[in-house]
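>>> this one's sequence-less:
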């Protein structure tokens, strides 16, 4: 399975990569929504971790466009935006889960395992 | 929305942020003591909160790195998180990050500011719009950013390294 990590923070990208590297055969990274859309077309990731507040194209628009390109993609939103309305909007666009920053490695692992279970049960 | 309410929301966010860090490095979570009616205090091995105070109109703030978030929508203003290299180094290591250069410190202080401002939406709602973080490495004159609002500084320490949270936000 391929993972794409989308976050404008280098530290967060590194933390997610360190936590999840062993669960995926390939990991690619994008630092804004436009890069994520371009990379999704090339790499066809099974699972995406998606930040929301990013420069250029934000995470909400990136989710919409990735789901239009590849509706089978599983998306875990990882965002500091902690209000219910944002979580509901992300889920309504097709995201499979929402993890609020700050997060521990065990919280991230648990959230991604739930998404992998969805992927494997297809 | 009172100024005190904004301060309380951001203090809650700060405690939450460092609770997660404490958990990462095996320290206990913060114990919140609200015995004094108008004053938060968090006591743990990690986090010590000082008392927030009002800055003068043209105060100069800024430690080694300052992350800045502009607020718009239902509220307007600016939130700053300012920290020295020593604290940022400790936090980077707690995240498991071994790269400790300035690029990583800039990234971290911006991400902390983004996290605190984003988490504030839990209480303040989705109309509390936040910008992407901007990072500054020079002293800041609050007059340039305070938008005619009062500017409060909350000093804090984590594992003995000091830092500052500056809140200058009002209802729109």
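Looks like it came in fine. In this text the structure is predicted, and so the values were computed from the model without any measurement.
>>> going forward, measure contacts and count neighbours with C-alpha atoms only.
OK.
>>> for burial, what's the neighbour tally of residue A:33?
One way to gauge burial is a neighbour count; for residue A:33, by other C-alpha atoms under 10 Å in any protein chain shown, it gives 28.
>>> touching, it and residue A:49? I think so.
No - at 11.5 Å, residue A:33 does not count as touching residue A:49 under the criterion of C-alpha atoms under 8 Å.
>>> joint contacts of those two?
residue A:6 (C-alpha atoms under 8 Å, 6 or more residues apart in numbering or on different chains).
>>> which parts of the helix or strand harbouring residue A:13 are buried?
Element membership for residue A:13, per DSSP states H and E: helix A:10-20. Along helix A:10-20, these residues count as buried under the neighbour rule (16 or more other C-alpha atoms under 10 Å in any protein chain shown): A:10, A:11, A:12, A:13, A:14, A:15, A:16, A:17, A:20.
>>> and the end-to-end length of stretch B:122-139?
Stretch B:122-139 has an end-to-end distance of 31 Å (C-alpha to C-alpha, to the nearest Å).
>>> which bits of chain A sit near chain B?
Contact residues (C-alpha under 8 Å from any C-alpha of the partner chain) of chain A with chain B: A:9-11, A:14-15, A:53-55, A:79-86, A:101-105.
>>> now do the contacts for residue 9.
Using chain A. Contacts for residue A:9 were tallied using C-alpha under 8 Å, 6+ apart; they are A:31, B:107, B:108, B:111.
>>> that's the wrong chain, I meant chain B
For residue B:9, the set of contacting residues under the criterion of C-alpha under 8 Å, 6+ apart consists of B:120, B:123.
>>> give me the element it is part of.
Secondary structure assignment for residue B:9, by DSSP H and E: helix B:3-24.
>>> now find how far off-centre that helix is within its chain.
Centroid separation for helix B:3-24 versus its chain: 8 Å, with C-alpha atoms, centre = their mean, to the nearest Å.
>>> can you check stretch A:4-22 too?
On the basis of C-alpha atoms, centre = their mean, stretch A:4-22 sits 10 Å off its chain's mean C-alpha point.
>>> that stretch: end-to-end distance?
Distance across stretch A:4-22, first residue to last, is 14 Å (C-alpha to C-alpha).
>>> do the same with stretch B:132-139
Counting by C-alpha to C-alpha: the opening and closing residues of stretch B:132-139 are 20 Å apart.
>>> wondering if it reaches chain A at all.
Yes - against chain A, stretch B:132-139 shows contacts by C-alpha under 8 Å from any C-alpha at residue B:132.
>>> mind listing what's buried along that stretch?
Taking 16+ other C-alpha under 10 Å as the criterion, stretch B:132-139 shows B:132, B:133, B:134, B:135, B:136 as buried.
>>> now a ChimeraX select for only the buried ones of the residues of chain A next to chain B.
Command for ChimeraX that selects the buried part of those, burial taken from 16+ other C-alpha under 10 Å:
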select /A:9,10,11,14,15,53,54,55,79,80,81,82,83,86,101,102,103,104,105
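>>> mind checking which of the contacts of residue A:9 are buried?
For the contacts of residue A:9, a burial check counting by 16+ other C-alpha under 10 Å picks out A:31, B:107, B:108, B:111.
>>> so can I have JSON lines of these showing distance to residue A:112 and pLDDT?
Listed next are these as JSON lines, based on distance: C-alpha to C-alpha, whole Å; pLDDT from 0 to 100:
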{"residue": "A:31", "distance to residue A:112": "20", "pLDDT": "96"}
{"residue": "B:107", "distance to residue A:112": "24", "pLDDT": "98"}
{"residue": "B:108", "distance to residue A:112": "24", "pLDDT": "98"}
{"residue": "B:111", "distance to residue A:112": "22", "pLDDT": "98"}
